[in-house]
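Peer 1: Have a look at this prediction, sequence included:
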Amino acid sequence: MSKHYRRFSSIAAVRDVAATVSPVDIPKIFGENTLTLETLKARLPKAVWKELKKTITDHEPLNEDVADVVAVVMKDWALEKGASHYTHWFQPLTGQTAEKHDSFITPNQGGGVIAEFSGKELIQGEPDASSFPNGGLRATFEARGYTAWDPTSPAFIIENPNGSTLCIPTAYASWKGEALDGKTPILRSGDALNRVAGRALGLLGDSGYGRVYATVGCEQEYFLIDQEFYYARPDLIQTNRTLFGAKPPKGQELEDHYFGSIPQRVLSFMMEAERELYRLGVPVKTRHNEVAPGQYEIAPIFESANVAADHQQLTMTVLKNTARKYGLVCLLHEKPFAGVNGSGKHTNWSMSTTSGLNLLEPGEDPHSNLRFLFFATAVIKAVHDHQDLLRVCIASAANDHRLGANEAPPAIISVFTGEQLADVFEQLINGSAKSSKRGGFLGLGSPVLPNLPKHAGDRNRTSPFAFTGNKFEFRAVGSSQSVSFPITVLNTIVADAISSMSDALEAERDKGVDLETAVGTVVGRVLKSTYHIVFNGDGYSQSWQTEAAKRGLLNKKSTMEALPLFATTKNFELFERFKVLSHAEVESRAEILVEQYFKTINIEGETTENMARTMIVPGVVRYLNELVAVVERTKALGLDSSGALATLTAVNDGLNDLTKALAELGKQNAELGGDDIHSKAGHVYRNVIPAMGKVRAAADQLEKLVADDYWPLPTYRDMLFVR
């Protein structure tokens, strides 16, 4: 008699969760939980507002007297919103956010309390600096660190059923002033980009443009599964991905999920998540089903890079918190399920000015748009000169599962320009650009359908860095990543390219060469030396792997291959020259990336071994016991037991394979590989990952043999399709 050992129920997961979000007036609620510039302007004295605006828009130093007045306004606004506490909300090098809550209350002489908040408390906080990743910048006994208010990113309210908290975006640094976070380098790199882009615009004859800043919009992909399954999967709880799971008969083969009708429960979740993001001032624009079953996407409108990075962290938090209200769990891991598409965070990057110019807008005639040609070429040069940094900034144990697969670009860094720009650039390489290809109109063969304007170039989803109209899309960024490091790298390497090209342009102008000829000369020269980074073909093809090697392009397929490229003389000099990261700050981040890789794989290895020994092996043994009993009884009755015996033999052989693989994994888990973090990371890369793969292969094969009610884990069939 079969006995059910499952700790979960697919039936229980099919629950009706009614939508709790009534229709909303988006313009009315947008930013209501954010201390916007309009609110500050209305509440601050005019003189104080004038001074604060200089800091926010022109990045002038903050006046401490202004901070005292802003603190009072911020406190009063927060109290009106029901806040009892405030926190300096920052981005330590964990890839997530951190916060320590303090009450507004201060005892008074009468034995009661009053609500107070000073400029000093607004400007500076003091969390522990040795308990977060620091890459050796802080020893255990060196605990002091500081958070510093970032006036350029608005404060906001996080609500809880039992109260609210004022969150103040801040930078985070050590007692010695080293950056220990993601925000500080973004701000520094943004300043560098403004300096060099401003110089370039001056050389190009542009004036009155204001400040130059990077703009970013991140497309966030994610999976949703029922919490009934999540809590029955220790691998999801511990590592955010499934360490076991046989491929189901149906996955994404029929392409029927992509852009399909959104399931009711999922749509209800999306609506509430969007409402909360609107209230926080996050300009989310798009929602849809993604390619894999159970996979979805949310995307915002462009914002300044620093604010976009903060909003990206908020988006991930809101998605995870809101999902729980609907009996769902939001999985942000790059590859939570093997065999189906993983998730990315396509980071769309451009440059704009406070006067409203997009420096990467080609216009109707890109061949004659000197500003566009100069800055677009600078981006190509940046990618060419710093392939190493672009590969490092998206390197992680999680992203290793995704890069190079059907849903993600290869590990080779290249640029896609599209047909129109490729034609213009090739003209420049060969002399001068005289024309631009036109897109025309696309007729659809029926008089009732409109003629659609056709773009002059296609898109290429196999490219890691693609031009998509008036921006570049960095498709290789991982879904669970903080975008702060990739943004910092993009800002810095483009600043480097602009600076170099500005030097060359200035030299040409000093010779008396007219502007158009000088720009054509500089752009043509740069393109000739860097154009082999441009590839407009199929990035998934084997021929591209061969061609990229011939071109001398980097192809570091794993994190452990990529990370040694970071802390090099070239990169030390680059970050120090633009005052983005010091030598010590680069070294610390390089160390942290290795440490995070080791810890991630170590946790996965231990979890794999534990689940296999305590869940899968016992379930298989119980099933074997039942098969043995069946075989013995049928033989005793003189019946043909060949079918049961064949099943028994297959399961027993599979169990033997699993226990053999488990023994090897246990050995490798116990062997740390050395005393330093680099040796340990090398060990888990070379030995633990292959051992985990063998355990999984044996277990996944057994999943196809063992009776469903004996298998202790929710299957892919359950998790991906029960919604």
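Peer 2: Happy to help now that I have it.
Peer 1: where along the stretch 51-200 of the chain do the helices fall?
Peer 2: Shown for the stretch 51-200 of the chain, the helices assigned by DSSP state H, counting those that start in this stretch span residues 64-80, 119-123, 183-203.
Peer 1: what comes up buried for the second one?
Peer 2: Residues of helix 119-123 classed as buried under the neighbour-count rule (16 or more other Cβ atoms under 10 Å) are 119, 121-123. Yep, even glycine has a C-beta here, placed from its N, CA and C like the rest.
Peer 1: which other residues reach stretch 87-94?
Peer 2: Under the criterion Cβ atoms under 8 Å, 6 or more residues apart in numbering, residues 97-102, 125, 127, 132-135, 147, 149, 165-172, 180-183, 309, 313, 482, 484, 589, 592 lie in contact with stretch 87-94.
Peer 1: ok, now stretch 659-668?
Peer 2: 605, 608-609, 612-613, 617, 683, 687-688, 691-692, 694-695, 697-698.
Peer 1: Pull out the buried residues from stretch 636-647.
Peer 2: Result for stretch 636-647 [16+ other Cβ under 10 Å]: buried residues 641, 644-645, 647.
Peer 1: Which pair of these spans the longest distance?
Peer 2: S641 and T647 (10.0 Å; Cβ to Cβ).
Peer 1: just to revisit the earlier point, most neighbours per residue, which of the helices of the stretch 51-200 of the chain?
Peer 2: When the helices of the stretch 51-200 of the chain are scored by mean count of other Cβ atoms under 10 Å, the highest mean neighbour count falls to helix 183-203 (a mean of 22).
Peer 1: If we only consider the buried residues of stretch 636-647, which is nearest to K250?
Peer 2: Closest to K250, out of all of the buried residues of stretch 636-647 and judged by Cβ to Cβ, is T647, at 24.4 Å.
Peer 1: SS state for E364?
Peer 2: What DSSP: H, G, I helix; E, B strand; the rest coil gives for E364 is coil.
Peer 1: can you tell me how far it sits from E573?
Peer 2: To E573, E364 is 40 Å away according to Cβ to Cβ, to the nearest Å.
Peer 1: between these two, who's got more neighbours?
Peer 2: A count of neighbours by other Cβ atoms under 10 Å puts E573 above the other of E364 and E573, at 11 against 8.
Peer 1: For the more buried one, list the residues it contacts.
Peer 2: E573 touches nothing, counting by Cβ under 8 Å, 6+ apart.
Peer 1: Specify the local secondary structure of it.
Peer 2: From three-state DSSP, the assignment for E573 is helix.
Peer 1: Check K381 too.
Peer 2: helix.
Peer 1: now it: how far from A497?
Peer 2: 4 Å.
Peer 1: Just grab the bridge partners of V329 for me.
Peer 2: V329 has these beta-bridge partners by DSSP bridges: I225.
Peer 1: Rounded mean pLDDT for the helix or strand harbouring L277, please.
Peer 2: Here L277 sits within helix 264-279, counting by DSSP states H and E. For helix 264-279, mean pLDDT is 94.
Peer 1: Identify the residues contacting the following helix or strand past it?
Peer 2: Heading C-terminal from helix 264-279, the first helix or strand you meet, by DSSP H and E, is strand 284-289. Strand 284-289 is contacted from outside by 219, 257-262, 270, 274, 277-278, 295-301, 315, using Cβ under 8 Å, 6+ apart.
Peer 1: Tell me the buried residues within the contacts of stretch 659-668.
Peer 2: 605, 608-609, 612-613, 617, 683, 687-688, 691-692, 694-695, 698.
Peer 1: can I get these in CSV with pLDDT?
Peer 2: Below are those laid out as CSV (pLDDT from 0 to 100):
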residue, pLDDT
G605, 98
T608, 98
E609, 98
A612, 98
R613, 97
V617, 97
H683, 97
N687, 97
V688, 97
A691, 98
M692, 98
K694, 98
V695, 98
A698, 98
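Peer 1: Max pairwise distance over those: which two?
Peer 2: Of all pairs in the buried ones among the contacts of stretch 659-668, the most separated under Cβ to Cβ is V617 and H683 at 25.2 Å.
Peer 1: Contacts only, for the closest residue to A129 other than its chain neighbours.
Peer 2: Closest residue in space to A129, ignoring its immediate chain neighbours: G145 at 2.6 Å, by Cβ to Cβ, 6 or more residues apart in numbering. Taking Cβ under 8 Å, 6+ apart as the criterion, G145 is in contact with 126-130, 132, 138, 172-175, 180.
Peer 1: Alright, I will stop here.
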